[in-house]
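>>> Predicted coordinates and the sequence they were generated for:
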Amino acid sequence: MRAPTRAVRPDRAAVTLRVLGVTALVGVAATVWLGLFVTPPDEFMGNLVRLLYVHPPMAWVAFLAYGVASLASLLYLWPRTRAERFDRLAGASAEVGVVFTGLTLVSGSIWGRPTWGVWWVWDPLLTTTALLFVLYLGYLALRRVPGEFHVRARRSAIGALIAFIDVPIVYLSVEWWRSLHQAPTVLNPTTHKTYVHGSMAWTLLLGFVSFTLVYIWLATHRYRLAELQDLEDTEGLEVALAERRAEAVAG
Amino acid sequence: MNGYVEAGYVVILGTLGTYGLTLLARERAARRRVGAASIEASTAAGAGAPAKADILAPPGDASAVKHGAVEQAGPGSTS
């Protein structure tokens, strides 16, 4: 017989999360509509420019996710703020970051094939981004290495901070080693100018906002899942204890 | 437009959609398991069994049982 489940009343946080999810979905739908059907083709890139309404937001969200993971890791390592929730947040944010980094690489590759003529080139930006992807995959693997909770959490936090060193290198690589990949066009760190205007700029901005909301929604759900998994481990212990207690009574 | 643009959008939206739905399904399944486990634990504990501290405390350590010291320390504690 299947055990009845605990009745869960939707709390305020769940409602907020649902509203956030719907808002993110509408934002992404609007970005896709504007990006594919409303904005004009680019003078040089033609229709391929439409991929750039989603590719830079992927990279931005990946950076944001790793920034949050690093901040949470720092808070975990700092003795005064050490709490399990920061370890969970770091893991959740890094996992979502890995998904967005993978999408950055794939969407960039799809754009690169018709533009550069190749799917992949060992350009500094692409190489350091691929390295970032591998570093955080390693971080996620490190989190799965068995061990006592705080030992595992501490080494994961240190791993997250080491991996984050690559983020500014990725961002500045186009400035340091001028290569095939174009320099930042939204806000150039050298000229401090933006090279996107009109409906193209608004669509790109909407893309940044929408995918940031998607990130918050995904990371929150991943965090809640981690919380439930921890609770599950604890409750598994409770069941084992209860069974042992019942055995003691019967014996 | 050309196939590259569509492919890029499909890959991005498809991956994010699949990942999001997977997270929701895993969260729902975990919530169900946790709910079932807590009911199982409370059912087993409700059969007139001794308190958790009786089982965790070393034999003869009556004070630990009486004051619930072992229970308060929690799993993984060395104190």
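That came through, no problem. Numbering: from 1, shown residues only, chains lettered A, B, ... in the order given.
>>> chain center to stretch A:46-60: distance?
Centroid separation for stretch A:46-60 versus its chain: 17 Å, with Cα atoms, centre = their mean, to the nearest Å.
>>> who are the neighbours in contact with the residue nearest to A:Gly35 when sequence neighbours are not counted?
Computed as Cβ to Cβ, 6 or more residues apart in numbering or on different chains, the closest residue to A:Gly35 that is not its neighbour in sequence is A:Tyr53, at 3.7 Å. The way it works is simple: take the backbone N, C-alpha and C, and place the C-beta from them, glycine included. Listed by Cβ atoms under 8 Å, 6 or more residues apart in numbering or on different chains, the contact partners of A:Tyr53 are A:Thr31, A:Leu34, A:Gly35, A:Thr39, A:Met200, A:Thr203, A:Leu204, A:Gly207.
>>> Likewise for A:Trp60?
A:Phe208, A:Phe211, A:Thr212.
>>> Out of these, who's the most crowded?
Among the contacts of A:Trp60, A:Phe211 has the most neighbours (other Cβ atoms under 10 Å in any protein chain shown), with 25 neighbours.
>>> Could you list the low-pLDDT ranges of chain B?
For chain B, the stretches with pLDDT under 70 are B:1, B:41, B:44-79.
>>> all strands for the stretch 1-150 of chain A, in order.
When assigned using DSSP state E, counting those that start in this stretch, the stretch 1-150 of chain A turns out to have no strands.
>>> buried sites along stretch A:116-132?
Buried residues in stretch A:116-132, counted by 16 or more other Cβ atoms under 10 Å in any protein chain shown: A:Asp123, A:Pro124, A:Leu125, A:Leu126, A:Thr127, A:Thr128, A:Thr129, A:Ala130, A:Leu132.
>>> now stretch A:220-231
For stretch A:220-231, by 16+ other Cβ under 10 Å, it's A:Thr220, A:His221, A:Arg222, A:Tyr223, A:Arg224, A:Leu225, A:Ala226, A:Glu227, A:Leu228, A:Gln229, A:Leu231.
>>> repeat for stretch A:158-169
Per 16+ other Cβ under 10 Å, stretch A:158-169 contains these buried residues: A:Gly159, A:Ala160, A:Leu161, A:Ala163, A:Phe164, A:Asp166, A:Val167.
>>> cool, and stretch A:40-51?
For stretch A:40-51, by 16+ other Cβ under 10 Å, it's A:Asn47, A:Leu48, A:Val49, A:Arg50, A:Leu51.
>>> check the buried residues of stretch A:220-231 against chain B, which are close?
A:His221, A:Arg222, A:Arg224, A:Leu225, A:Leu228, A:Gln229, A:Leu231 (Cβ under 8 Å from any Cβ of the partner chain).
>>> quick one: which of the residues you listed sit in helices?
When DSSP state H defines the helices, the subset of those inside them is A:His221, A:Arg222, A:Arg224, A:Leu225, A:Leu228, A:Gln229, A:Leu231.
>>> Please, which helix or strand holds A:Ala240?
Per DSSP states H and E: A:Ala240 is located in helix A:198-250.
>>> so where's chain A shaky on pLDDT?
For chain A (pLDDT under 70), the answer is A:1-10, A:183-194, A:251.
>>> Okay, strands next: where are they in chain B?
Counting by DSSP state E, one finds no strands in chain B.
>>> can you pull out the helices in it?
Using DSSP H, helices in chain B cover B:3-45, B:52-56, B:62-67, B:69-73.
>>> same question, chain A
A:12-33, A:55-77, A:84-116, A:124-144, A:149-164, A:166-176, A:198-250.
>>> Dump the ones you listed to TSV, plus distance to B:Arg33.
Formatted as TSV, these follow (distance: least, Cβ to Cβ, whole Å):
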stretch	distance to B:Arg33
helix A:12-33	18
helix A:55-77	26
helix A:84-116	18
helix A:124-144	20
helix A:149-164	20
helix A:166-176	36
helix A:198-250	6
